[in-house]
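J.: need a 3D model of the following:
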Amino acid sequence: MKVICIDDYDLSGNKYPLTPGKIYDTIETFTPDYSKNGVLSIIHDEGCKFWFPDYLFMTIAKWREIQLKELGI
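T.: Numbers count the residues shown, from 1 in each chain. Model (predicted):
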């Protein structure tokens, strides 16, 4: 699944090696039973596979829908 980065900071203010607006390929996803939030495994900008919180990303379909709505289409 392709996702677009919408933020490159975690909740503590630490910066991840991600680029907002860049499209990434999801390698794996995981959502623990005890949480509604999940994590995505992607290859970040430094070329390494890493697990990131899913709130840093949005699906391409959702991104497109928001962009069209902003344009009034």
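J.: CA only for contacts and neighbour counts going forward, please
T.: OK.
J.: which element is Glu70 on?
T.: helix 60-71 (DSSP states H and E).
J.: report the central residue of this structure.
T.: With distances taken as CA atoms, centre = their mean, the residue of the chain nearest its centroid is Phe57 (1.9 Å).
J.: doesn't Cys5 make contact with that residue?
T.: Yes: here Phe57 reaches Cys5: they are 4.5 Å apart, a contact under CA atoms under 8 Å.
J.: near Gln53, how many other residues are there?
T.: Let me fix one detail, which is that residue 53 is Pro and not Gln. Applying other CA atoms under 10 Å, we find 16 residues neighbouring Pro53.
J.: show me the contacts for it.
T.: Asn37, Gly38, Val39, Leu40 (CA atoms under 8 Å, 6 or more residues apart in numbering).
J.: mind giving me the packing neighbours of the helix holding Glu70?
T.: strand 2-5 (3 or more CA pairs under 8 Å, 6 or more residues apart in numbering; DSSP states H and E).
J.: now tell me what touches the helix holding Glu70 from outside.
T.: Outside helix 60-71, the residues that reach it (CA under 8 Å, 6+ apart) are Lys2, Val3, Ile4.
J.: go ahead and name everything in contact with the lowest-mean-pLDDT helix or strand in the chain.
T.: Every helix and strand of the chain was ranked by mean pLDDT, DSSP states H and E. The lowest is strand 28-30, at a mean of 89. Here strand 28-30 makes contact (CA under 8 Å, 6+ apart) with Gly38, Val39, Leu40, Ser41, Ile42.
J.: ok, and the closest non-adjacent residue to the third one?
T.: Nearest residue to Leu40 in three dimensions, chain neighbours excluded: Thr29, at 4.6 Å (CA to CA, 6 or more residues apart in numbering).
J.: same check on the second one?
T.: Nearest residue to Val39 in three dimensions, chain neighbours excluded: Pro53, at 4.4 Å (CA to CA, 6+ apart).
J.: which parts of stretch 51-63 are buried?
T.: Within stretch 51-63, the residues that count as buried by 16 or more other CA atoms under 10 Å are Trp51, Phe52, Pro53, Asp54, Leu56, Phe57, Met58, Ile60, Trp63.
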